[in-house]
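Trainee: A predicted structure for the sequence below; I have some questions about it.
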Amino acid sequence: MRATLSAEGAVTRVAGPLLFARRTVDVGLHSAVQVVGRDGHRRIGRVVALDEETLVLEVLESTHGLGTTDTRIILRDEPLKFAVGPGILGRVFDSIGVPIDGGPGLPAELELPVDGLPINPAARLLPQDFIETGVTTIDLMNSLVRGQKLPIFSGSGLPHDRLAVQIAQRAHLRGAAQGDFALVFVGIGVSHDTAEVFRGSLERSGALGHTALFLNLADDPSTQRLLAPRYALTAAEYLAFVEGRHVLVVMTDMTNYCEALREVSSSRGEIPSRKGYPGYMYSDLASIFERAGCVRGRPGTLTQLPILTMPGDDIGHPIPDLTGYITEGQIVLDKELDRAGVYPPVKVLPSLSRLMDAGIGTGSTHTDHPGLANQLFAAYARAIRVRLLASVLGREGLSAVEQRYLEFGDAFEHQLVHQEHVRTLEESMAAGWRVLRLLPPQELTRLDRRQRAHYIEGGQDA
Amino acid sequence: MAEYFRDQGLHVALMADSTSRWAEALREVSGRLGELPGEAGYPAYLSSRLADFYERAARVRTLAGAEGSVTIIGAVSPPAGDFSEPVTLHTKRYVRSFWALDRQRAHARFYPAIHPLQSYSEDVEVMAQWWKLHGNPDWLEHRRRILTLLEQQARLERMVRIVGKEALPPAQQLALACAELVNEAVLRQSAMSRVDRYCSPARQAAIVKAVMRFIELAERVLERGVSPERIVALETYRRLQRLGEDVGEDRIALIEPLVRQIESQLESLTAEASDARDAIR
């Protein structure tokens, strides 16, 4: 145990979530602190900047009522830690790991730093095992693999919360490893009603039994928002690398996280970069997303599915832009499809899973999976081009083949992308072959002769 | 490290992915230093730092007399694919060859998604000499022909959007079909296929020659009154589209008989057309 130092009356200024104090004791950056006000309540916080004279502390709870003269700071020269232990599944926590489900405290087995333990780069393995989410556009066309980080780019008013909950309830592994699956669900800056929806639907479906739910509410201090994903990932790392489970971390909404980052940065007086976001936003996001992965010699894996809403639906905005740099692909949701009643409104063409190739095909999913996905992409891209043409020329101006493409495009959106119920991969593939049969067989140049004969001309679904 | 190997007389390729993220770090550190931000928040010295990096690519004679080189392949990932942002613009000032990855092609899973018209190389003449020694003396001519065809396709597609494909004269309809053939048979490879993932210079040359032969003959046949639909419906047109996938490195010799088949199929089309004309007379 490290020595605990205490300083009283050192505080010079309180600004929002930040506390400025004279540096009367020597501590390191990101050390944990406790701040005690005149009410005697202990608030936790951490050191975020220091120089010769001053110490800047980030308080993770409300700073209401803190004064300058009567505030005591208790410093421990160690980073913020999260005490984790078995029994973490099935529980609901706030953003700093305190149970808020009325249950007892967590039996602690290990204290892990919330910033994570670095993974030895040489021990990282390439993710390559398929996770089935029950969503056709993800399973069939942009497959998620264990250890991947695949964000969902959404917009305001789109049903990303519904999709997140659905994936959380249904996602599972194929084959023998099914029982080892666990879920960590983090709501970042969500409103009370959304938080209730998350909790209620996970409870009702029974998924809460293998889930650790972290809820950071919209009216929690913004400094806590910065720590919510870190506490959740610490729990996930414990589940994955200590208990050996395959963990899927769903984080919604990362845009709220970045907004909090901007807010805290500007109250620290830092020089803003693009659109007022701090210049280090890229490194900061990387410190979250890079905690996904597979490690040699450890049975568990950590997969991330962050969800973010694109401000103004602009994919070039710093948040989606920097996220896209770090993550391995993206799933893009689209307003137009949503208005057309398609659920989930996944815009297939700009969506991409960079690790898909390693996770599908012979030996992992189905021999014909890559060919089918490839052909669907090519045909749908052509259908979109034809649709553009039809909007100018009218349907009559199109050739017979082009008309078939138009039909294919509509069927693709309403019969393949749209789904009332979850589909297994086999059902998704069958739906894929069905829509491809709307096209003349000689157009399907990305399929080989056997696939064409069996599925298209032979009319087989499997 | 690349220069260390270069000085041992080796030829080194250095892949940097991605220089945008490197520029991102430059921006972050510059912000921390409290420097005044320039364009899009990047420091004003971005362009000279980029030059410092790319100018280290070189071909040298080492002190020991051997020849060594460093070739830099830098990836730039501009936000939302906008090529007018600072990192892309400044990079283009210092490089001799530019491969523009195209969003539309990538969305259609057209691999590699290099846009043939936006990309360029300033070393075409040198490459023509190289191809002369490596199996395709007509490379420069083929390249020029393919680029004109693709250029023509881009222009025609704009027009098709207004008047419709049916309204185009047969020669232009054929040009569109040929451009499509070039895209599918020559430019597209399949990353998922073990056979088609890589393409040796010899195979490239054989495929290009087969496709060029088809185009040349198709144009000649068109002049004799065969409709573009008939040409596109030919079995060899489909086979050419899947050539990269069906003919592996060890079976390049199979392309030669295919060319013979193309010649005979187009020949018979001409014969039919002239028969039809005779019948009308």
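Mentor: That came through, no problem.

Trainee: Can you name the residues of the stretch 351-462 of chain A sitting close to chain B?
Mentor: A:352, A:357, A:361, A:370-371, A:373-374, A:377-378, A:381-382, A:388-389, A:392-393, A:397-399, A:402, A:442, A:445-446, A:448 (Cβ under 8 Å from any Cβ of the partner chain). Every C-beta, even on glycine, is put in place using the N, C-alpha and C of the backbone.

Trainee: Give me the subset of those residues that lies in strands.
Mentor: Members of those lying in strands (criterion: DSSP state E): A:Leu352.

Trainee: Give me the buried subset of the residues of the stretch 351-462 of chain A next to chain B.
Mentor: Buried subset of these (neighbour count, 16 or more other Cβ atoms under 10 Å in any protein chain shown): A:352, A:361, A:370-371, A:373-374, A:377-378, A:381-382, A:389, A:393, A:397-398, A:402, A:445-446.

Trainee: how about the residues of the stretch 151-281 of chain B near chain A?
Mentor: Within the stretch 151-281 of chain B, the positions adjacent to chain A are B:160-166, B:184, B:190-192, B:238, B:241-242, B:245 by Cβ under 8 Å from any Cβ.

Trainee: rerun at 6 Å
Mentor: B:161, B:164, B:192, B:241-242 (Cβ under 6 Å from any Cβ of the partner chain).

Trainee: With respect to B:Val76, which of the residues you listed is nearest?
Mentor: For these, the closest approach to B:Val76 (Cβ to Cβ) belongs to B:Met192, at 25.8 Å.

Trainee: shouldn't that closest one be in contact with A:Pro370?
Mentor: Yes - assessed by Cβ atoms under 6 Å, B:Met192 is found in contact with A:Pro370 at 4.5 Å.

Trainee: Backbone torsions only: list them for B:Arg224.
Mentor: phi -90, psi 10 (degrees, to the nearest 10).

Trainee: gap between the nearest residue to it once chain neighbours are set aside and A:Gly67?
Mentor: Nearest in space to B:Arg224, with sequence neighbours left out and distances taken as Cβ to Cβ, 6 or more residues apart in numbering or on different chains, is B:Thr270 at 5.1 Å. According to Cβ to Cβ, to the nearest Å, B:Thr270 stands 97 Å off from A:Gly67.

Trainee: By proximity to chain B, which residue of the stretch 351-462 of chain A wins?
Mentor: Using Cβ to the nearest Cβ, A:Ala381 is the residue of the stretch 351-462 of chain A that sits closest to chain B, at 3.2 Å.

Trainee: need the helices for the stretch 51-200 of chain A, in chain order.
Mentor: Along the stretch 51-200 of chain A, counting by DSSP state H, counting those that start in this stretch, helices occupy A:136-139, A:160-170, A:192-204.

Trainee: no no, the stretch 151-281 of chain B
Mentor: With DSSP H, counting those that start in this stretch as the criterion, the stretch 151-281 of chain B has helices at B:170-181, B:201-223, B:228-232, B:235-241, B:243-246, B:255-280.

Trainee: Reformat the ones you listed as a markdown table; add mean neighbour count.
Mentor: Listed next are the helices of the stretch 151-281 of chain B as a markdown table, based on neighbours: other Cβ atoms under 10 Å in any protein chain shown:
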| stretch | mean neighbour count |
| --- | --- |
| helix B:170-181 | 19 |
| helix B:201-223 | 18 |
| helix B:228-232 | 18 |
| helix B:235-241 | 18 |
| helix B:243-246 | 19 |
| helix B:255-280 | 14 |
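
Trainee: For those, give me TSV that also has distance to A:Gly409 and mean pLDDT.
Mentor: Formatted as TSV, the helices of the stretch 151-281 of chain B follow (distance: least, Cβ to Cβ, whole Å; pLDDT from 0 to 100):
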stretch	distance to A:Gly409	mean pLDDT
helix B:170-181	19	92
helix B:201-223	29	92
helix B:228-232	22	88
helix B:235-241	22	88
helix B:243-246	25	86
helix B:255-280	33	84
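
Trainee: Just put these in CSV and tack on distance to A:Arg76.
Mentor: Below are the helices of the stretch 151-281 of chain B laid out as CSV (distance: least, Cβ to Cβ, whole Å):
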stretch, distance to A:Arg76
helix B:170-181, 68
helix B:201-223, 65
helix B:228-232, 76
helix B:235-241, 68
helix B:243-246, 63
helix B:255-280, 73
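
Trainee: Show me the one of these that comes nearest A:Arg42.
Mentor: helix B:243-246 (67.1 Å).

Trainee: If you count neighbours, what's buried in the strand ranked longest in chain B?
Mentor: Counting by DSSP E, the longest strand found in chain B is strand B:67-75. Buried residues in strand B:67-75, counted by 16+ other Cβ under 10 Å: B:68-70, B:72, B:74.

Trainee: repeat for stretch B:34-41
Mentor: Applying 16+ other Cβ under 10 Å to stretch B:34-41 flags B:37, B:41 as buried.

Trainee: coming back round to it: ranking the helices of the stretch 51-200 of chain A by mean neighbour count, which comes first?
Mentor: helix A:136-139 (a mean of 24; mean count of other Cβ atoms under 10 Å in any protein chain shown).

Trainee: just checking, what packs against that helix?
Mentor: For helix A:136-139, the packing partners by 3 or more Cβ pairs under 6 Å, 6 or more residues apart in numbering or on different chains; DSSP states H and E come out as helix A:425-436.

Trainee: buried stuff in the helix it packs on?
Mentor: A:425, A:427-429, A:431-433, A:435-436.

Trainee: which is the next helix or strand following it?
Mentor: Note on helix A:425-436: by DSSP states H and E, the next helix or strand toward the C-terminus is helix A:449-451.

Trainee: So what does B:Trp130 have for phi and psi?
Mentor: Dihedral angles for B:Trp130 - degrees, to the nearest 10 - are phi -60, psi -50.

Trainee: and the chain, what are its domains?
Mentor: Chain wasn't specified; assuming chain A. Chain A breaks down by automatic domain parsing into domains covering A:4-79, A:82-358, A:369-457.

Trainee: actually chain B
Mentor: According to automatic domain parsing, the domains of chain B span B:2-95, B:130-280.

Trainee: OK, contacts around the residue in the stretch 151-281 of chain B positioned nearest to chain A?
Mentor: Nearest residue of the stretch 151-281 of chain B to chain A (Cβ to the nearest Cβ) works out as B:Gly164 at 3.9 Å. Under the criterion of Cβ atoms under 6 Å, 6 or more residues apart in numbering or on different chains, the neighbours of B:Gly164 are A:393, A:397.

Trainee: Residue ranges in chain B under the pLDDT threshold?
Mentor: Counting by pLDDT under 70, chain B has low-confidence residues at B:280-281.

Trainee: ok so, going back, my guess is the residue of the stretch 351-462 of chain A closest to chain B contacts B:Ala108. True?
Mentor: Yes - counting by Cβ under 6 Å, A:Ala381 touches B:Ala108, with 3.2 Å between them.
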